[in-house]
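Asks: no sequence for this one, just the structure:
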């Protein structure tokens, strides 16, 4: 981006409001991205049109922001800082509201499906708790109130329940589900090995999770009201990420063993387990397309540099979207699945820039040449 254009963008303070039908195809200039950006020594949360115009500083309160997520309707952002403080930021530029304070350390905020509440982790091991915050008033209440360490909250699709991990005696970690309003908790797993990272199926009937009950570890599912777990992944590994496809038919996971890290996918019933990345290099950041038909992920197979691949779980094939020159970081899908965004190095020794491209890798454009972290597309609400 030319310096004159960058200067003009940095000085812009007007937020463009785009009238549109829900999930209608958008031209690139109608789409928006939020990100954590650093200008000089100052780091803030910004909003920008995906064509590089209309940059807005949403916080004007420089801190070291570490986490960023949109509310489901795209009106607010939840952000966390290195100082373990959580804020709700108004996307219209009206500033930020503190959720936590000096006496309360919070991190990993997660929006409820209706956008009215946040669940977040509070405190530190061995006595962490899970709190809920009202998104309008920041009023807090503890969801757990036990002396055990609790973390990794995950909302059910209907917003009535929250799954989390509780550390029991002998550092054994188990998965619980609690009602968000009453706090009544149900223990879902019970095994001497640790069970971690609960993720709800889209229909709210099951949870996928990581367990170490088979040595190094695997991915399982379990009914949300109790039952015996079903193993999904045939390969023992340290699984560090789990996600359901939009239709709930498949689960993708990131499996790490020795120097290899691979993207694996399986049907929800445990059949059809495959290595989707199929390369000895390390892979990262698998993300389902909004339609659930494809997985974009980051690979380090190009001499160790980041390359974005698009994989088809049905065909078991993948295609390079990056090409021979760019070096990319983790991809993020637009809500309609037509575009991807990432931070990129477009040439050797070049600075990192925010880029967008179509889902097939074409029409790659630089949005802004600013030091950017965690670019997130603004949701297109119903």
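Replies: Arrived safely. Quick caveat, the model's predicted, so the values are computed rather than measured.
Asks: pull the helix or strand with minimum mean pLDDT from this protein.
Replies: In the chain, no helix or strand scores lower on mean pLDDT, DSSP states H and E than helix 3-11, which sits at a mean of 35.
Asks: What strands line up against the helix or strand just after it, and which way round?
Replies: For helix 3-11, the following helix or strand on the C-terminal side (DSSP states H and E) is strand 32-39. If you go by DSSP bridges, strand 32-39 pairs up with strand 42-49 (antiparallel), strand 371-377 (antiparallel).
Asks: Take those strands and write them to CSV, including mean neighbour count and distance to residue 118.
Replies: In this view, the C-beta of every residue, glycine as well, is placed from N, C-alpha and C. Putting these into CSV (neighbours: other Cβ atoms under 10 Å; distance: least, Cβ to Cβ, whole Å) gives the following:
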stretch, mean neighbour count, distance to residue 118
strand 42-49, 21, 16
strand 371-377, 20, 16
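Asks: wait, which of these is closest to residue 276?
Replies: strand 371-377 (23.2 Å; Cβ to Cβ).
Asks: Report the mean per-residue pLDDT for the closest one.
Replies: Strand 371-377 shows an average pLDDT of 94 in the prediction.
Asks: In terms of helices and strands, where is residue 251?
Replies: Short version, using DSSP H and E: residue 251 is in strand 250-257.
Asks: Which secondary structure elements does that strand sit against?
Replies: Here strand 250-257 touches strand 218-223, strand 238-244, strand 260-267, strand 283-288, going by 3 or more Cβ pairs under 8 Å, 6 or more residues apart in numbering; DSSP states H and E.
Asks: for these, which one ends up most surrounded?
Replies: Most buried of those, by mean neighbour count (mean count of other Cβ atoms under 10 Å): strand 218-223, with a mean of 23.
Asks: elements contacting whichever helix or strand comes after that one?
Replies: Per DSSP H and E, strand 218-223 leads on to strand 230-231 as the next helix or strand towards the C-terminus. Secondary-structure packing of strand 230-231 (3+ Cβ pairs under 8 Å, 6+ apart): strand 218-223.
Asks: which residues sit against the strand it packs on?
Replies: Defining contact as Cβ atoms under 8 Å, 6 or more residues apart in numbering, one finds that strand 218-223 is touched by 175, 188-189, 195, 201, 205-211, 228-237, 239, 242, 251, 253, 266, 268, 270.
Asks: Residue 98: neighbour count?
Replies: Applying other Cβ atoms under 10 Å, we find 12 other residues in the vicinity of residue 98.
Asks: per-residue confidence for it?
Replies: Per-residue pLDDT puts residue 98 at 94.
Asks: Tell me the spacing between it and residue 159.
Replies: Residue 98 is 23 Å from residue 159, where distance means Cβ to Cβ, to the nearest Å.
Asks: Tell me which residue is most central in this structure.
Replies: residue 69 (7.6 Å; Cα atoms, centre = their mean).
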